[in-house]
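Novice: sequence? don't have it. structure:
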């Protein structure tokens with residue numbers, strides 16, 4: 001990559017005097033800021049359940065590759081500069097991983113070699129087109145079902161059945177186990193070591209979203225490791241903090257200059273819960289429900305950028321875009337962490353959504369509003385399918401109104 005992080009440059013002399021290396025400081029959870037050189041104009045390319053790509057499992061390698069390149073070409077046509085490519089959707093891999101099986105989204109059969117390297121191809125072809133390629137990983141989701149026997153026999157979750165927790169119709173790795181935390185990091189860092197990805201990306205899935213009437217069974221892990229914490233929620237937040245802090249250091253040591261970004265659910269906490277929270281009444285709060293203290297990660301500088309999913313329209317009562325963007329701008333102010341806003345392009349023209357989303361100009365108004373805040377460094381659109389299909393012309397309107405000069 002060749003870049004020296006601003007953090008490493010600024011701290012270099014002091015670390016030398018203290019007898020420390022930059023790697024030691026990063027490993028301890030110090031600030032890391034690889035500053036973005038250009039405004040973010042990105043799209044997510046989701047592979048879980050074949051959402052965006054491949055269009056269905058079992059296509060030939062040539063057809064899969066052609067579809068992937070078509071998405072990259074769409075990004076260029078829409079004047080975007082970054083593709084966030086989901087390469088570990090369910091404890092599997094879209095590259096030849098030594099830790100986890102090939103993803104079934106490719107061939108329809110978990111563990112079956114598709115005959116090519118999607119991540120390697122995506123990095124090479126994105127860079128050839130002048131696009132940045134961010135590798136998107138889901139740390140803890142194992143499967144969109146609860147039956148371990150449906151995983152291949154060599155799957156880590158079958159080799160270590162005590163690592164897995166069924167919850168809400170899905171299987172998850174237990175974030176409370178140190179061996180799980182080490183393993184999922186190993187699995188993700190494998191890709192960073194092997195490919196010149198421009199960033200590592202996590203989305204909003206840490207502890208799972210709450211499911212009414214169900215309990216995430218981590219009693220044994222809590223009994224073993226949770227003794228020093230005031231309650232289970234504090235212990236769970238610490239587990240996720242450790243994942244983020246440790247992953248930050250490992251990325252830096254493995255491929256210096258690679259950015260680390262996280263895209264959380266848009267509400268950290270409601271103001272009624274915490275006076276530091278946003279003026280919202282959202283039913284989910286990341287701090288309380290997903291045990292993800294997203295604001296802390298920004299303040300501690302463990303990440304280079306944050307992409308909150310502000311997936312609501314201007315004026316939406318429970319979570320108003322016009323209230324959340326200023327809150328996030330205030331959160332990153334003075335931290336050196338870049339802020340990009342996650343945009344719900346998928347809602348544009350969906351008849352099930354509020355009336356605001358039937359207006360092709362709604363999304364463009366988001367960019368106009370966010371442009372008032374110097375902390376907002378760009379936007380990311382969910383997701384690639386809608387960037388291409390553009391049901392009611394909302395994406396075309398954004399490009400015409402905001403990206404015309406590029």
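Specialist: Done, it's in. Since the structure is predicted, the reported quantities are computational estimates derived from the model, not experimental observations.
Novice: Just give me the longest helix of the protein.
Specialist: helix 232-254 (DSSP state H).
Novice: what ranges do the helices span in the stretch 301-406 of the chain?
Specialist: 321-332, 362-370, 384-389, 394-402 (DSSP state H, counting those that start in this stretch).
Novice: buried ones in stretch 115-134?
Specialist: For stretch 115-134, the neighbour count (16 or more other Cβ atoms under 10 Å) marks 117-123, 125-126, 131-134 as buried. Placement of C-beta: from N, CA and C, glycine included.
Novice: Could you do stretch 338-356 as well?
Specialist: Going by 16+ other Cβ under 10 Å, stretch 338-356 has these buried residues: 338-349, 353, 356.
Novice: Reformat these as a markdown table; add distance to residue 324.
Specialist: Below are the buried residues of stretch 338-356 laid out as a markdown table (distance: Cβ to Cβ, whole Å):
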| residue | distance to residue 324 |
| --- | --- |
| 338 | 17 |
| 339 | 11 |
| 340 | 13 |
| 341 | 9 |
| 342 | 11 |
| 343 | 12 |
| 344 | 12 |
| 345 | 17 |
| 346 | 18 |
| 347 | 15 |
| 348 | 18 |
| 349 | 22 |
| 353 | 17 |
| 356 | 15 |
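Novice: Filter those residues down to the ones in strands?
Specialist: 338, 339, 340, 341, 342, 343 (DSSP state E).
Novice: and those residues, which two are the farthest apart?
Specialist: Farthest pair in these (Cβ to Cβ) is 338 and 343. Separation: 15.9 Å.
Novice: can you tell me which of the buried residues of stretch 115-134 are in helices?
Specialist: 118, 119, 120, 121, 122, 123, 125, 126.
Novice: ok, the residues you listed vs residue 279, which is closest?
Specialist: residue 126 (38.2 Å).
Novice: I'd like the distance between the closest residue to the closest one other than its chain neighbours and residue 89.
Specialist: Among residues not flanking residue 126 along the chain, residue 133 sits closest, at 4.0 Å (Cβ to Cβ, 6 or more residues apart in numbering). Using Cβ to Cβ, to the nearest Å, residue 133 is found at 16 Å from residue 89.
Novice: got it, and residue 130?
Specialist: Taken as Cβ to Cβ, the span from residue 130 to residue 89 is 26 Å.
Novice: on that earlier part again, which of the ones in strands among the buried residues of stretch 338-356 sits closest to residue 108?
Specialist: residue 342 (30.2 Å).
Novice: residue contacts, the nearest residue to the closest one once chain neighbours are set aside?
Specialist: Excluding the flanking residues, the one nearest residue 342 by Cβ to Cβ, 6+ apart is residue 309, at 4.0 Å. Neighbour list for residue 309: 203, 204, 263, 264, 265, 266, 342, 344, 382 [criterion: Cβ atoms under 8 Å, 6 or more residues apart in numbering].
Novice: what's across from residue 309 in the sheet?
Specialist: Counting by DSSP bridges, residue 309 is bridged to residue 265, residue 342.
Novice: Report pLDDT for it.
Specialist: pLDDT for residue 309: 98.
Novice: do you know how far it is from residue 381?
Specialist: 11 Å.
Novice: now swap in residue 256 and tell me
Specialist: For residue 256 relative to residue 381 (Cβ to Cβ), the value is 29 Å.
Novice: With neighbour numbers in mind, choose between the two.
Specialist: Per other Cβ atoms under 10 Å, whichever of residue 256 and residue 381 has more neighbours is residue 381, with 26 against 17.
Novice: Leaving out sequence neighbours, find the closest residue to that one.
Specialist: residue 345 (4.3 Å).
Novice: Is the one you found in contact with residue 383, as I believe?
Specialist: Yes - between residue 345 and residue 383 a contact is recorded at 7.3 Å, counting by Cβ atoms under 8 Å.
Novice: Tell me if I'm right that residue 378 and residue 40 touch.
Specialist: Yes - with contact defined as Cβ under 8 Å, residue 378 reaches residue 40; the gap is 2.8 Å.
Novice: shared neighbours, the two?
Specialist: In contact with both residue 378 and residue 40: residue 340, using Cβ under 8 Å, 6+ apart.
Novice: just to revisit the earlier point, kindly indicate which of the buried residues of stretch 115-134 lies nearest residue 401.
Specialist: Residue 401 has its nearest neighbour among these in residue 131, at 21.6 Å by Cβ to Cβ.
Novice: who touches that closest one in this structure?
Specialist: Counted by Cβ under 8 Å, 6+ apart, residue 131 has contacts 72, 75, 76, 80, 81, 82, 83.
Novice: Among these, name the buried ones.
Specialist: Neighbour-count burial (16+ other Cβ under 10 Å) applied to the contacts of residue 131 gives 72, 75, 80, 81, 82, 83.
Novice: so what's the fifth one bridging to?
Specialist: On the basis of DSSP bridges, residue 82 takes part in beta bridges with residue 42, residue 132.
Novice: residues in contact with residue 313?
Specialist: 321, 347, 354, 356, 357, 362.
Novice: try it again with 10 Å
Specialist: 319-322, 344, 347-348, 353-357, 359, 362-363, 365-366 (Cβ atoms under 10 Å, 6 or more residues apart in numbering).
Novice: right, and residue 393 touches residue 362 too?
Specialist: No - the criterion here is Cβ atoms under 10 Å, and residue 393 misses it with residue 362 at 11.3 Å.
Novice: which regions of the stretch 1-150 of the chain sit below the pLDDT cut-off?
Specialist: 1-30 (pLDDT under 70).
Novice: one more time with 50, if that's ok
Specialist: 1-29 (pLDDT under 50).
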